[in-house]
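S.K.: heads up, no residue letters with this:
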Ligand code: PLP
């Protein structure tokens, strides 16, 4: 069956024809037949160079042979145990070795679960109810954080089905704006349990923190006895082995991880300082549990993946990222287009706006219709990027120069076409 036929059937049995909203694009998404390295193949027999990479986890590319082998070996020995297994201790140790703030680790199954647990833990630890997140940041699909910015700092539910009361303690602030945060702290500081931040905003495209901003957040949270939580579900093991906290040299109290940590299998991780983490049940009173927590298949994939992520590999990714961003800038300049190229390490995005993008407000100045024309032209040219201006493109270790050059050719053709 081809994608069109499958999508028709899918719409009957899956709301919107997909299992997660961003996967839907017009007129219908292609259905995957398989993935290999940096190539994703559709059931229609078309091959795409993939910069979505399942929204981030596949830093080694699709079906890396050594990860597949580790997983296969594990599956033969069982897929879930309901008792602890050695791999959990090993993977926890690897995370603690790499991620500066990690002294203890709780494994879960998704980034959503990890941020939900992080908020509960921060509230319990501080005895305070309010939390701060940033406009445009995404921390998963649970009620505490699924808010849209309201007037001032007050948030409103971003979906029907979330009681206003549930988010009445969720405050929002603009990213990269020290003054606004100082004001918020003056007004509400003693009531705030945590500031949760994506150190690089990866859910409104790709926005880096301004020089010193993460350190500013570290200082202001210390001054106000507030926990600083880095949501590194995207940046963890992506921008450096120790994530954004290593890259920018700022250590939070807690970190949430996922995506790469599970080597392509479902995973969520909450990690942080021992004195805080020891409050999690059964060591302490803060409840967190899951049938599949520490799932041995995800753990085996995570271990093998982290083992393969050595310094050389990160240097290679950095080189490829710089090459891609440089190539994009050259094309834009040749075509006399004043759009923004954003990104770092193996992350990038093009914003279809003339304004420098530093926060949610400036990201929203982008021409999203133009972006979708660009997306479709790229797709026609055999390149798959996430179908939204407000997602980020990822490079894997399987992307080679030849793929980058073919991609840049497709980008140039796409930009010419969507301007015309
Ligand atoms: N936090 C961030 C920064 C994310 O980008 C995501 C998902 O994209 C999540 C949390 C939620 O993770 P999951 O989709 O695994 O629940």
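M.R.: Structure received. Keep in mind that what you see is a predicted model, and the values were worked out from it rather than measured.
S.K.: Mind pulling the model confidence for the residue in the stretch 1-150 of the chain positioned nearest to the ligand?
M.R.: Nearest residue of the stretch 1-150 of the chain to the ligand (CB to the nearest ligand atom) works out as residue 111 at 2.3 Å. From N, CA and C alone the C-beta is placed, and that goes for glycine too. Looking at residue 111, its pLDDT stands at 98.
S.K.: So it is in contact with residue 258, correct?
M.R.: Yes. With contact defined as CB atoms under 8 Å, residue 111 and residue 258 form a contacting pair (3.5 Å).
S.K.: what is in contact with the two at once?
M.R.: Shared contacts of residue 111 and residue 258 (CB atoms under 8 Å, 6 or more residues apart in numbering): 233, 268.
S.K.: one step back: contacts only, for the residue of the stretch 1-150 of the chain closest to the ligand.
M.R.: By CB under 8 Å, 6+ apart, the contact list for residue 111 reads 139, 140, 231, 233, 256, 257, 258, 259, 268.
S.K.: hmm, 7 Å instead?
M.R.: Contact analysis of residue 111 by CB atoms under 7 Å, 6 or more residues apart in numbering lists 140, 233, 256, 258, 259, 268.
S.K.: Just send those back as CSV, with secondary structure and neighbour count too.
M.R.: Formatted as CSV, the contacts of residue 111 follow (DSSP: H, G, I helix; E, B strand; the rest coil; neighbours: other CB atoms under 10 Å):
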residue, secondary structure, neighbour count
140, coil, 19
233, coil, 32
256, strand, 31
258, strand, 27
259, helix, 28
268, strand, 28
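S.K.: would you list every one of the helices in the stretch 51-200 of the chain?
M.R.: Using DSSP state H, counting those that start in this stretch, the helices of the stretch 51-200 of the chain run over 65-76, 86-98, 111-126, 178-188.
S.K.: which parts of the stretch 101-250 of the chain sit against the ligand?
M.R.: 110-112, 115, 138-140, 198, 202-203, 231, 233-234 (CB under 6 Å from any ligand atom).
S.K.: same thing but 8 Å
M.R.: By the rule CB under 8 Å from any ligand atom, the part of the stretch 101-250 of the chain lying against the ligand is 110-115, 137-141, 198, 202-203, 231-235.
S.K.: Quick one: buried ones out of these?
M.R.: 110-115, 137-141, 198, 202-203, 231-235 (16 or more other CB atoms under 10 Å).
S.K.: Pick out whichever of the contacts of residue 111 sits closest to residue 182.
M.R.: For the contacts of residue 111, the residue nearest residue 182 by CB to CB is residue 256; the value is 25.4 Å.
S.K.: thought the closest one was touching residue 114?
M.R.: Yes. Counting by CB atoms under 7 Å, residue 256 touches residue 114, with 3.9 Å between them.
S.K.: what is in contact with these two at once?
M.R.: Common contact partners of residue 256 and residue 114 (CB under 7 Å, 6+ apart): 233, 269, 270.
S.K.: Name the SS class of the second one, please.
M.R.: The three-state assignment at residue 269 reads strand, by DSSP: H, G, I helix; E, B strand; the rest coil.
S.K.: ok, back up a step: rebuild the contacts of residue 111 as JSON lines, extending it with pLDDT.
M.R.: Shown next, in JSON lines, are the contacts of residue 111 (pLDDT from 0 to 100):
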{"residue": "140", "pLDDT": "96"}
{"residue": "233", "pLDDT": "98"}
{"residue": "256", "pLDDT": "99"}
{"residue": "258", "pLDDT": "98"}
{"residue": "259", "pLDDT": "98"}
{"residue": "268", "pLDDT": "98"}
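S.K.: Which two of those have the greatest separation?
M.R.: Every pair of the contacts of residue 111 checked by CB to CB; the farthest is 140 and 259, at 11.6 Å.
S.K.: where does the stretch 151-300 of the chain dip in pLDDT?
M.R.: Along the stretch 151-300 of the chain, segments meeting pLDDT under 70 span 151-154.
S.K.: By proximity to the ligand, which residue of it wins?
M.R.: For the stretch 151-300 of the chain, CB to the nearest ligand atom, closest residue to the ligand: residue 233, 3.5 Å.
S.K.: so what's that residue up against?
M.R.: By CB under 7 Å, 6+ apart, residue 233 lies in contact with 111, 114, 256, 257, 258, 259.
S.K.: JSON lines for those residues, including distance to residue 62?
M.R.: JSON lines is the format used below for those (distance: CB to CB, whole Å):
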{"residue": "111", "distance to residue 62": "20"}
{"residue": "114", "distance to residue 62": "24"}
{"residue": "256", "distance to residue 62": "25"}
{"residue": "257", "distance to residue 62": "21"}
{"residue": "258", "distance to residue 62": "18"}
{"residue": "259", "distance to residue 62": "14"}
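S.K.: how long is stretch 275-291 end to end?
M.R.: Counting by CA to CA, to the nearest Å, the length from the leading to the trailing residue of stretch 275-291 is 25 Å.
S.K.: wait, I meant stretch 10-25
M.R.: Stretch 10-25 has an end-to-end distance of 14 Å (CA to CA).
S.K.: List the buried residues for it?
M.R.: Applying 16+ other CB under 10 Å to stretch 10-25 flags 10, 17, 18, 24, 25 as buried.
S.K.: quick one, what contacts the residue nearest to the third one when sequence neighbours are not counted?
M.R.: When you say that, I think you mean residue 18. Of all residues not flanking residue 18 in the chain, residue 24 sits nearest, at 4.7 Å (CB to CB, 6 or more residues apart in numbering). When contacts are counted by CB under 7 Å, 6+ apart, residue 24 touches 16, 17, 18.
S.K.: quick one, longest helix in this structure?
M.R.: helix 311-334 (DSSP state H).
S.K.: Heading C-terminal from that helix, find the next helix or strand.
M.R.: strand 340-344 (DSSP states H and E).
S.K.: Domain map for the protein?
M.R.: Residue ranges for each domain of the chain read 3-63+310-404, 65-308, as given by automatic domain parsing.
S.K.: Which of the three states applies to residue 29?
M.R.: When classified by three-state DSSP, residue 29 comes out as coil.
S.K.: nope, residue 391 is what I meant
M.R.: With three-state DSSP as the basis, residue 391 sits in coil.
S.K.: Quick check: it vs residue 144, distance?
M.R.: In this view, residue 391 and residue 144 are 22 Å apart by CB to CB, to the nearest Å.
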